[in-house]
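1. Pasting the sequence and the predicted coordinates here, then a few questions.
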Amino acid sequence: MVDGADVIGLPVPEGERYVGRKELARRMGVSVATVDRMVREGMPSETWGMRTRRFLPSRAIAWARTRKERSEAA
């Protein structure tokens with residue numbers, strides 16, 4: 001299993017802003033339900049307040065790519 005620690009050390013593009021679930025799903029070309037599943041599987045994200053989850057797209061997409069590469073190699 002790939003955890004968020006695998007991509008935490010990656011540099012974040014300057015000026016990158018946090019996005020919500022819907023925006024991340026749009027950028028990744030997946031459904032919001034898929035983003036929610038990826039979060040349960042360890043996709044890096046931050047919780048703001050009580051329920052709002054935000055993502056740095058570069059880290060979330062890097063996590064998903066790493067996860068896909070590892071599953072294809074297995």
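-> Noted; the coordinates are in hand.
2. so residue 45 sits right up against residue 55, yeah?
-> Yes. Judged on C-beta atoms under 8 Å, residue 45 makes contact with residue 55 at a distance of 4.9 Å. C-beta: built from backbone N, CA, C; applies to glycine.
3. neighbour-wise, which of these two wins?
-> Each of residue 45 and residue 55 has its neighbours counted (other C-beta atoms under 10 Å); residue 55 has more, 25 against 20.
4. State the distance from the nearest residue to residue 24 once chain neighbours are set aside to residue 72.
-> Distances taken as C-beta to C-beta, 6 or more residues apart in numbering put residue 55 closest to residue 24, at 4.8 Å, once the chain neighbours are dropped. Using C-beta to C-beta, to the nearest Å, residue 55 is found at 23 Å from residue 72.
5. Ok, residue 22 next?
-> 28 Å.
6. Compare those two and say which is more crowded by neighbours.
-> Higher neighbour count among residue 22 and residue 72: residue 22, with 11 against 7, using other C-beta under 10 Å.
7. That one and residue 45, how far apart?
-> As for residue 22, its distance to residue 45 is 14 Å (criterion: C-beta to C-beta).
8. Number of residues surrounding residue 47?
-> Neighbours around residue 47, by other C-beta under 10 Å: 10.
9. How about the one 4 residues further on?
-> Using other C-beta under 10 Å, residue 51 has 6 neighbouring residues.
10. how about the helices in this protein?
-> All helices of the chain, identified by DSSP state H, fall at 5-8, 21-28, 32-40, 57-73.
11. what's the closest of these to residue 14?
-> helix 57-73 (10.8 Å; C-beta to C-beta).
12. how distant is the closest one from the center of its chain?
-> Counting by C-alpha atoms, centre = their mean, to the nearest Å, helix 57-73 is centred 9 Å from the centre of its parent chain.
13. what mean pLDDT does that helix have?
-> For helix 57-73, mean pLDDT is 86.
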